[in-house]
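> From the sequence below, what's the structure:
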Amino acid sequence: SGGKQELSLRIRPEAEALGLTTGELARQLRQGFYGEPVQRVQRGRDDVAVVVRYPAAERRSLRDLESAWIRVPGGGELPFSAVAEARGGTGYASVERRDHHRNINVTADVDRASVDPQQVLGALREQVFPRLLSEYPGLVLGLDGQSREEAEMMASLGTGFALAMLAAYALLAVPLRSYLQPLLILTAIPFGFVGAVAGHAILGLQLSSFSMIGFVALTGVVVNDALLLIDRANRNRAAGMEAPAALVEAAVTRFRPILLTSLTTFFGLLPLIFERSAQALWLKPMVATLAFGVVFATVITLLIVPAAYLLLDTAIARTRRGSRAAGLLVPAQDLGK
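Predicted structure coming up:
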């Protein structure tokens, strides 16, 4: 809302060349029309300020402003009309400040049916913000509202996800009785994110905070599928099978439950993917992450996880053979002595 009528002062280029500033101009006009305390006199119990200003007859109208004289740096005085110009206008009813700086809030509602909010934010960051910063030096821009809430949610989600991965690692290490095999299971999680990105590209969606929420849910399904395969392979190894044969048998045996788990999840989410209502648009990034991530992670579970298992088993076997060879050398040296 508009405030009171006011005059805006602007210094002329000639006055700027003489060294006069806007602050000095405003200070002199305030001294002349409002007054400047120069002394305080004790009168009884009161402390009376002695103020110097123009006579009352010379500060009653706007024409008196044109006849005011302004001191310029270096000595001398010039009329107000020679050093500045005044323009009438309406001031602000209130000025908001944050951290001692003037603050202006610009709000907008995005029509999600026609454009994605991330596209709008991307256009602002790439096109609008750089132009404003170049035109107005000292300007500070920041995102608030839903964008700020999403940033805070992403920060807390990252911390919670890291703690969840540590807990998942501990829970997997106990039944598997291994420090390395849980890492094999967790390696399938990043590949699930690749599938989520591909799903967003196919559906024409932008990655958002809801996509990250879907990724957190995706990790549970991916870990479950990989755990089924690794557990079966370990049982086969305990029965005396070699690593390649144990992995092949585990993949064949667990193929049906792993595939059915992924397909039922994918087809169960298809209605939300093809839903066109405005309410479903909020959930689409999360659903796309979970649906396509599960499908892609299934392929990775059946290919990459067994390959990593075999590489780990080969590395452990070589390490054990090296340790045994090193252990046999010590007694031989002792016997030689």
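> then the helix or strand bottoming out on mean pLDDT in the chain to CSV, C-alphas only?
One helix or strand of the chain scores below all others by mean pLDDT, DSSP states H and E: helix 278-281, with a mean of 71. Backbone C-alpha positions of helix 278-281 (Å, rounded to 0.1, in the frame of the first residue of the first chain) are rendered in CSV as follows:
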residue,chain,number,x,y,z
ALA,A,278,-3.3,-31.9,-10.4
GLN,A,279,-3.2,-33.8,-7.2
ALA,A,280,-1.1,-36.6,-8.7
LEU,A,281,1.5,-34.2,-10.2
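> Show residues contacting stretch 285-301.
188-189, 191-196, 198-200, 202-203, 205-208, 210-215, 217-218, 221-222, 225-226, 229, 258-259, 262-263, 265-266, 269-270, 272-273 (C-beta atoms under 8 Å, 6 or more residues apart in numbering). In this view, the C-beta of every residue, glycine as well, is placed from N, C-alpha and C.
> How far does the helix or strand where Pro271 lies sit from its chain's centre?
Using DSSP states H and E, Pro271 maps to helix 243-273. Put simply, helix 243-273 sits 35 Å off its chain's centre (C-alpha atoms, centre = their mean, to the nearest Å).
> and what of stretch 217-229?
28 Å.
> same thing with stretch 231-241?
45 Å.
> Check stretch 193-201 too.
Offset of stretch 193-201 from its chain centre (C-alpha atoms, centre = their mean): 20 Å.
> ok, and what's touching it?
205-207, 211, 214-215, 218, 285, 288-297.
> 6 Å instead, please
Outside stretch 193-201, the residues that touch it by C-beta atoms under 6 Å, 6 or more residues apart in numbering are 207, 215, 288-289, 292-293, 296.
> List the buried residues in that stretch.
193, 195-197, 199-200 (16 or more other C-beta atoms under 10 Å).
> What's the mean pLDDT across the helix holding Pro271?
For helix 243-273, the mean per-residue pLDDT is 86.
> swap in stretch 148-168?
For stretch 148-168, the per-residue pLDDT averages 79.
> now do stretch 176-193
What stretch 176-193 shows for mean pLDDT is 82.
> ditto for stretch 72-83
pLDDT averaged over stretch 72-83 gives 87.
> okay, how far is it across that stretch, tip to tip?
End-to-end distance for stretch 72-83, by C-alpha to C-alpha, to the nearest Å: 9 Å.
> which of the residues in that stretch are buried?
72, 78, 80, 83.
> dump the residue contacts of the last one.
Residues counted as contacts of Val83 (C-beta under 6 Å, 6+ apart) are 12, 15, 20, 70.
> Angles on the backbone of Gln42, please.
phi -80, psi 120 (degrees, to the nearest 10).
> Need the nearest residue in space to it, chain neighbours excluded.
The shortest distance from Gln42 to any non-neighbouring residue, by C-beta to C-beta, 6 or more residues apart in numbering, is to Val48 (7.6 Å).
> Is that neighbour part of a helix or strand, or is it coil?
What DSSP: H, G, I helix; E, B strand; the rest coil gives for Val48 is strand.
> Alright, calling it a day.
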